[in-house]
Structure formats: structure tokens, C-alpha cells
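**Student:** with the input below, show me the fold.
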Amino acid sequence: MNDLKYIPIIKQTRTIVFNITLYALAIATLMPFIWMVLTSFKDMNELFSYPPTWFPHEFHFENFKNAFEAAPFGRYYLNSIFVAITVTIGQLFTCSLAAYAFARIKFWGREVLFFIFLGTMMIPYHVTMIPSFMVLYWLGWVDSYKALIVPGLASAFGTFLLRQFFLTIPQDLEDAAYMDGCSRFGVLWRIIVPLAKPALATLAIFTFMGVFNDFIWALIVINSEQLQTVQLGLAVFRDRYVTEWDLLMAGSVTATLPILIIFFFAQKYFIKGITLSGLKG
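**Tutor:** Predicted structure coming up:
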């Protein structure tokens with residue numbers, strides 16, 4: 001009986017230790033980002049001072065102005081945002097159709113085809129990079145917006161994510177819609193899609209982040225300066241012998257702003273979508 005009084009203390013201690021560990025991991029994750037933001041306000045001399053300092057002795061806000069004047073970053077941002085939004089909308093459309101087919105339409109070989117479809121997620125991105133480039137080269141789409149947009153309009157991961165969410169939606173809602181004379185496409189766009197906003201928002205965030213931050217594919221298919229994205233534009237600050245770290249950090253900070261804004265406004269749907277998408281297999 002005397003040992004029972006220690007159980008609440010043990011549980012409380014475990015909770016405190018868990019919270020401390022969680023906060024420590026969160027701080028460790030944020031440290032590189034905080035360092036990048038603070039470094040963007042330093043000058044070159046302070047960057048290489050020893051011992052290194054966290055906070056700049058003087059905030060150089062002109063680093064951001066100089067970064068935008070070093071290259072046409074306005075054009076780069078428009079290219080990145082245009083490509084990211086277009087690919088995101090395209091994936092939401094195509095993945096919704098494919099996910100609904102795998103979740104609700106019964107056809108021969110559906111399960112086998114779905115597992116083969118998921119198997120493409122195991123193929124490394126770098127393996128399909130060269131074949132994809134050759135196809136674009138034969139089509140004459142290299143160095144164009146089509147090269148940045150078309151290959152990303154479909155996604156096995158997006159189809160899997162939406163399918164898992166669609167399976168959690170009761171079949172009775174669709175049956176009631178069919179009885180009211182609604183077509184299959186009507187059920188998808190009027191019943192399924194409105195209920196799947198959390199999963200759609202999750203897929204939109206993942207897609208936008210992936211496309212906006214992509215560097216390798218844009219480096220391969222884009223040659224013209226007017227079509228370059230933000231990630232390619234940041235390479236302007238890296239020379240053969242010297243890297244302008246202050247301007248590079250300033251450009252990197254501004255490059256993360258669109259993603260932070262998107263995540264800030266959609267985090268409620270993002271967390272809900274991640275939680276609910278795996279409830280039913």
C-alpha cells in the first residue's frame with residue numbers, strides 16, 4: 001500500500017522527462033534555422049570571427065537588398081511560385097481521381113495494380129531522372145515551364161495518402177448521393193473532396209514544399225536565366241573561390257518565407273490529415 005502513493009510521482013516524473021526531451025529535440029531542430037536567420041544580418045568580417053557569435057553586433061538589413069540586386073530574384077520567385085502552385089493543383093486533381101478509383105471503384109486487378117503503383121515509391125528519384133530527361137528532350141520541352149511542371153503532375157505518394165483518407169469516409173454518404181441521382185463524378189467533387197480537405201491540405205503542403213525546394217531537377221532541365229527558380233538563383237552567391245555567405249543566408253531566409261506562410265495557414269488541416277489518413281487500410 002505504501003508503494004501506491006509513489007505511482008503519481010513516477011508518472012509525473014516520466015511526463016516531465018518526456019517534455020524536457022521533446023523540447024530539447026525541438027530546440028536542436030530549430031538551431032540551424034535560427035543560425036541562418038541571425039547570420040543573414042551579419043557582415044562578412046563577423047561571419048568568420050572567432051569565437052563565433054550568435055547575435056550580430058550590428059544588424060545589416062542591407063544584406064537583403066544586396067541579395068535581390070545581385071540577381072533578378074523577383075523573376076526567380078515568380079517562377080518558383082508559379083511552378084509550385086501549378087504542380088500542386090495538378091497533383092490534387094490527378095491524385096484525387098486515382099485515389100477515388102482505388103478506394104471505391106471495383107475492377108479486376110485493383111489491389112495488384114495498387115501495390116505495383118506503390119512499388120514505384122521504392123524506386124530512387126535519381127534512377128528515373130535520366131529517362132525522364134530523355135523523354136522531355138525528345139518532346140522538345142527542355143528549358144521550358146513544361147519541363148518543370150509536367151513530370152510532377154502525378155504522384156504515387158499523393159494517391160496513397162488520399163486513398164487512405166477516402167477509405168475512412170462512410171459508404172452510406174455515397175449511397176445516399178446515388179439515390180438522389182448524383183453521378184460518380186458528382187459524388188467525388190460534392191461529397192468526397194469537401195470531406196477530404198485535411199488530406200488535400202496535407203498533400204498540398206508536401207507538394208508545394210517539394211517543388212519549391214527542388215534544385216536537382218531544375219538544374220538539369222533549365223538553361224535560361226529567365227526560367228530559373230529561387231534555388232538555382234541562390235547559386236549566384238557561390239563563386240569558384242569565394243562564397244558570399246551573408247547574401248546567401250539572406251537569400252535563403254527569404255526563400256523559406258513562402259513555405260512558412262503556407263504551413264502557418266494550413267497547419268490545422270496538415271495535422272488532421274496526417275492523423276486520419278492512416279486510420280483504415
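**Student:** just the buried residues of stretch 161-176, please?
**Tutor:** Along stretch 161-176, these residues count as buried under the neighbour rule (16 or more other Cβ atoms under 10 Å): 161-167, 169, 174. (Each C-beta comes from the backbone N, C-alpha and C, glycine too.)
**Student:** next one: stretch 248-265
**Tutor:** 248-255, 258, 262.
**Student:** who does the helix or strand hosting Pro32 touch, helix- and strand-wise?
**Tutor:** Here Pro32, judged by DSSP states H and E, is contained in helix 7-39. Judged by 3 or more Cβ pairs under 8 Å, 6 or more residues apart in numbering; DSSP states H and E, the packing partners of helix 7-39 are helix 245-276.
**Student:** among the buried residues of stretch 161-176, which are in helices?
**Tutor:** 161-166, 174 (DSSP state H).
**Student:** of the buried residues of stretch 248-265, which is the nearest to Phe215?
**Tutor:** Ala255 (10.8 Å; Cβ to Cβ).
**Student:** which non-adjacent residue is nearest the closest one?
**Tutor:** Val230 (4.9 Å; Cβ to Cβ, 6 or more residues apart in numbering).
**Student:** how far away is that neighbour from Ser252?
**Tutor:** Here the criterion is Cβ to Cβ, to the nearest Å. By it, Val230 lies 9 Å from Ser252.
**Student:** where do the helices sit along the stretch 1-150 of the chain?
**Tutor:** 7-39, 44-47, 62-70, 73-104, 110-119, 125-139, 145-149 (DSSP state H, counting those that start in this stretch).
**Student:** which residues does the residue lying closest to Thr88 once chain neighbours are set aside contact?
**Tutor:** Leaving out its chain neighbours, the residue that sits closest to Thr88 by Cβ to Cβ, 6+ apart is Thr207, at 4.5 Å. Shown in contact with Thr207 (Cβ atoms under 8 Å, 6 or more residues apart in numbering): 84, 87-88, 91-92, 152, 155, 158.
**Student:** columns neighbour count and pLDDT on top of the residues you listed, output as a markdown table?
**Tutor:** Shown next, in a markdown table, are the contacts of Thr207 (neighbours: other Cβ atoms under 10 Å; pLDDT from 0 to 100):
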| residue | neighbour count | pLDDT |
| --- | --- | --- |
| Ala84 | 27 | 93 |
| Val87 | 24 | 95 |
| Thr88 | 24 | 94 |
| Gln91 | 26 | 94 |
| Leu92 | 21 | 93 |
| Gly152 | 19 | 90 |
| Ser155 | 23 | 89 |
| Gly158 | 24 | 91 |
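**Student:** out of those residues, who's nearest Val187?
**Tutor:** Leu92 (17.3 Å).
**Student:** just give the closest residue to that closest one, not the sequence neighbours.
**Tutor:** Leu200 (5.8 Å).
**Student:** name the next helix or strand following the one helix or strand that neighbour maps to along the chain.
**Tutor:** Element membership of Leu200, judged by DSSP H and E, is helix 197-212. Next helix or strand after helix 197-212 toward the C-terminus (DSSP H and E): helix 216-221.
**Student:** all set, thanks.
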